[in-house]
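Q: I'd like to go over a predicted model; first the sequence, then the structure.
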Amino acid sequence: MQPYFDQDFYVSQAAHINFGSIEPLKHYAAVGWHIGLDPSPTFSTSHYLQDFPDVRESSVNPFVHYLTSGKLEAREARLSDFGRVPPTIADGRKEWIDYKEVASRQYASKEPRGRRIECVNFTHSLAGSDIIQSVMERQLDPDAQGILVSVIIPCINEAIVTAECLLSLLNHEPTVRLDIILIDNGSTEPFFEKIGEHPDIRVQRFDENIGFGPACNVGAKMAKGDLLFFLNNDTQVKSDAITYLVEIMEADDNVGIAGPRLLNFDGHLQEAGALIHSDGIGQLIGFGHDPDTPRFTYQRRVDHISGAAIMVRAAIFNKLEGFDDRYAPAYCEDADLSLKVRAAGYDIVYQPKADIAHHLSRTTAKEGQFSLQKGHLVARNRAKLVAKWAPTLQKFDIRTIAFYLPQFHPVAENDLWWGKGFTEWRNSAKAKPNFQGHRQPRFPADLGYYDLRVAEVMEQQADLARRYGVTGFCYYYYWFGGQRILEMPLERLVKTGQPNLPFCLCWANENWTRRWDGKDQDILLKQEYGDADAVKFAEDIGRFFDLPNYITIDGKPLILIYRVADMPNPRRFLDTCRNIWRGQGHGEAVIAMVESFEFSAAPKEPTQFGANVTVEFPAHGMVHDPAMRVNKLNGAWTGSAHDYRHLATAFMNRIEPNFHRMRSVLVGWDTTPRHPDRSLVLEHATPGAFQAWLEWTYRRTKEQNFGDERLVFINAWNEWCEGSYLEPDLDYGHAYLQAVRNAQEAVMRGAHSFENI
């Protein structure tokens, strides 16, 4: 052992020890290793004993074991500190260093990118056939029933694809009646002269190309149907597609436009609805994905439906004066129509059951002859679109809601259970680091160790939230069969209306236990779910719905339920609540089921539990990366440290379900204050990593949610004992709050932040 023992190092780390006449090596052999001293910079006594239980249980000197056998067995002598969060946290750069790493991982989605050729098996090719005869010999079913739909097809040449389009319409299901109108923009191919003889097709011919929008407007004036279906001539329509679109229009009078699932002819998805960004650029949602990717397979409201295939109510189209001629001959007139329909108060709905195949940009891409002209027209018309709709396009319409813990004030129950004057500040302040580089304890900055009995605290919190773009708070609400706890801040809010910041409630419906885990051991307060409990609960909640700043979705109050799975019969309980709220005059409520615990990694369809939508809740159930190797400072610690960046990646890359959900982002995670010896810690939870995840979440929310459903939750505003808080601390200051504002500005302008880091 002598050649490997560093006497100077040993003495320097044990400067508090008086060796007397004993040699340092003998001291280490007899005493030093028992008290965790290291024989050299390259060997960690505590690590070796903690990492290898066989050595620990054998009572052999760990350094001797390493030199005689451990080294040959490739056992690690000391962990590297590479990749650890440095003790000095914020310097204007370090806090953002993980941004690029996390941002780069958002493109590694597990969503399938393959094609499904079976999805376009309804399409046919007329190449090499007599296209005139193929169309002329097929006619509409004279016994077709239902609403009359006028199908308006503007075209110029491209006879084969036009014939294929017409044939697909003539083969449609006889559940609706069709009025087919072909607007010929100066075609020269013989097919277009002959097709006018078809008894089911009306043709309006022009000697020159009058443009897409003007041609559609002409067709709309000729239309006989209550519904107009504008269709590109390079599409083919599945036999039941129009039926599914009509069903949406008949089911809801507020739907102004309905659109299909557009498919490429190779079996890839082309569009599941679309976005219009602040610079006027359109985005086809899901382009190039597998069409059966779950998040593209449920009906939902969207910003925009591309003009290749859109169904619109004739009354609305005519009232809005159709497509705007300022965009003639083409491009952006469909986006303008979507914006006009939405501005008039109508919804635009994507129907995934309606399949239509589309040759994307077939006519303008042919032989490249129009590429320069197309680029000029697109740029010109995009500028017109932005000039007309700038206030709408440049508005960031996603609301950011932070979970809020109303715990930081003494209550009688906590006095009894944990000692006089207890709040979680006590646990937070006494936390100690469990391993080298562990960022504990955490110290609050601007607001200090606040007491929520002081009303000004919540006002200051609301001011911070507003300043950095946090729209509102989701307060945890504690109700146990009629007994409330930690209710003072909310009761003051009801009485005074302050702080005047939007808010909603999340019923934290888990048992209170001494283990802080909601399980059945050592229950302090127990939940009850009888009918009478549901009535009392709903009656109390209704008081909050009355407040003008209570968060709603389309005018319906939003309430979150933390653990729906704990309810014996959640549908019955929630149905009772809905009945009470209707009786109170609140109408329908939006009940959100939190994806906590077992639902985090395997979310369930909310309607089966009586809820409307789900809300993600990281980090529950999604920490799957191997534990990081650390140099322990607390020998009793049996917890684990993981990489926050892997958690962010897991949420960004997973396959999302086929139902409505609202997304959440975790600020950080470290339960050491509550569980000193068994905590779960996420390292690299820096403001930069958080911001990159939040940017992705905002973008995905824009794709999958619409209007008031565009809510993003942040976990959390002030969970100090879980290491997840937006509030300023002494390490990072306002950096997490600034990350929220950064993310919003980046998404609003369609960019990424910190590109040069």
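A: Everything's here; your move.
Q: does Ala746 belong to a helix or a strand, and which?
A: Assessed by DSSP states H and E, Ala746 sits inside helix 735-748.
Q: Spatially nearest residue to Val341 (excluding sequence neighbours)?
A: Closest residue to Val341 apart from its sequence neighbours, by C-beta to C-beta, 6 or more residues apart in numbering: Gly256 at 4.2 Å. For the C-beta atoms, the positions are set from N, CA and C on the backbone; glycine is no exception.
Q: and the one you found, what does it touch?
A: With contact set as C-beta atoms under 8 Å, 6 or more residues apart in numbering, Gly256 has these partners: 312-313, 316, 341-342, 344, 346-348.
Q: Give me the secondary structure label for it.
A: Going by DSSP: H, G, I helix; E, B strand; the rest coil, the secondary structure assigned to Gly256 is strand.
Q: Next one, pLDDT for it please.
A: What the model reports as pLDDT for Gly256 is 98.
Q: lowest confidence element among the helices and strands of the chain?
A: Every helix and strand of the chain was ranked by mean pLDDT, DSSP states H and E. The lowest is helix 362-365, at a mean of 55.
Q: Now do the buried residues in stretch 416-430.
A: Within stretch 416-430, the residues that count as buried by 16 or more other C-beta atoms under 10 Å are 422-425, 427-428.
Q: Rounded mean pLDDT for it, please.
A: 94.
Q: Centre of the chain to it, how far?
A: Taking the mean of its C-alpha atoms, stretch 416-430 sits 35 Å from the chain's own mean (C-alpha atoms, centre = their mean, to the nearest Å).
Q: which outside residues touch stretch 444-457?
A: Residues outside stretch 444-457 that contact it (C-beta under 8 Å, 6+ apart) are 406-410, 423, 425, 429, 458, 460-461, 464, 488-489, 492, 496, 498, 720, 727-730, 733-734.
Q: mind listing which of those are in helices?
A: For the contacts of stretch 444-457, membership in helices holds for 425, 429, 458, 460-461, 464, 488-489, 492, 496, with DSSP state H as the criterion.
Q: Point out where the stretch 601-750 of the chain drops to low pLDDT.
A: For the stretch 601-750 of the chain, no stretch is flagged by pLDDT under 70.
Q: where does the stretch 451-600 of the chain have low pLDDT?
A: In the predicted model, the stretch 451-600 of the chain carries pLDDT under 70 at residues 515-521.
Q: Show me where it has its helices.
A: Listed from the start of the chain, the stretch 451-600 of the chain has helices (DSSP state H, counting those that start in this stretch) covering 455-467, 488-496, 531-545, 570-583, 598-601.
Q: Can you say which of those is nearest to Met136?
A: Closest to Met136 of the helices of the stretch 451-600 of the chain, according to C-beta to C-beta: helix 570-583, at 56.0 Å.
Q: Does anything pack onto the closest one? Which helices or strands?
A: Secondary structure elements in contact with helix 570-583, counted by 3 or more C-beta pairs under 8 Å, 6 or more residues apart in numbering; DSSP states H and E, are helix 531-545, strand 556-561, strand 590-595.
Q: out of those, deepest packed?
A: strand 590-595 (a mean of 26; mean count of other C-beta atoms under 10 Å).
Q: what's in contact with it?
A: The contact list for strand 590-595 (C-beta under 8 Å, 6+ apart) reads 506, 552-553, 556-564, 574, 577-578, 599, 603-604, 606, 609-617, 620, 661-662.
Q: wait, Asp336 sits on Phe323?
A: Yes: applying C-beta atoms under 8 Å as the test, Asp336 and Phe323 come out as touching, 7.3 Å apart.
Q: What count of nearby residues applies to Ser12?
A: Using other C-beta atoms under 10 Å as the criterion, Ser12 is surrounded by 9 other residues.
Q: List the contacts of the residue nearest the centre of the chain.
A: Among the residues of the chain, Arg663 comes closest to the average C-alpha position under C-alpha atoms, centre = their mean, at 3.5 Å. Contacts were defined as C-beta under 8 Å, 6+ apart; by that measure Arg663 touches 615-616, 697, 700-701, 712-713.
Q: Take those and write them to JSON lines, including neighbour count.
A: JSON lines is the format used below for those (neighbours: other C-beta atoms under 10 Å):
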{"residue": "Val615", "neighbour count": "28"}
{"residue": "Glu616", "neighbour count": "24"}
{"residue": "Thr697", "neighbour count": "26"}
{"residue": "Arg700", "neighbour count": "17"}
{"residue": "Thr701", "neighbour count": "21"}
{"residue": "Val712", "neighbour count": "25"}
{"residue": "Phe713", "neighbour count": "26"}
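Q: Turn those into JSON lines, including secondary structure and distance to Leu377.
A: JSON lines is the format used below for the contacts of Arg663 (DSSP: H, G, I helix; E, B strand; the rest coil; distance: C-beta to C-beta, whole Å):
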{"residue": "Val615", "secondary structure": "strand", "distance to Leu377": "43"}
{"residue": "Glu616", "secondary structure": "strand", "distance to Leu377": "41"}
{"residue": "Thr697", "secondary structure": "helix", "distance to Leu377": "35"}
{"residue": "Arg700", "secondary structure": "helix", "distance to Leu377": "31"}
{"residue": "Thr701", "secondary structure": "helix", "distance to Leu377": "32"}
{"residue": "Val712", "secondary structure": "strand", "distance to Leu377": "36"}
{"residue": "Phe713", "secondary structure": "strand", "distance to Leu377": "42"}
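Q: Which single one of those residues is nearest to Glu656?
A: Looking at the contacts of Arg663 and their distance to Glu656, the nearest is Arg700, at 7.9 Å (C-beta to C-beta).
Q: Tell me which stretches of the stretch 301-450 of the chain form helices.
A: In the stretch 301-450 of the chain, the segments counted as helices under DSSP H, counting those that start in this stretch are 314-319, 333-343, 362-365, 371-393, 412-418, 424-430.
Q: what's the spacing between Val740 and Trp717?
A: From Val740 over to Trp717 the distance is 11 Å, taken as C-beta to C-beta, to the nearest Å.
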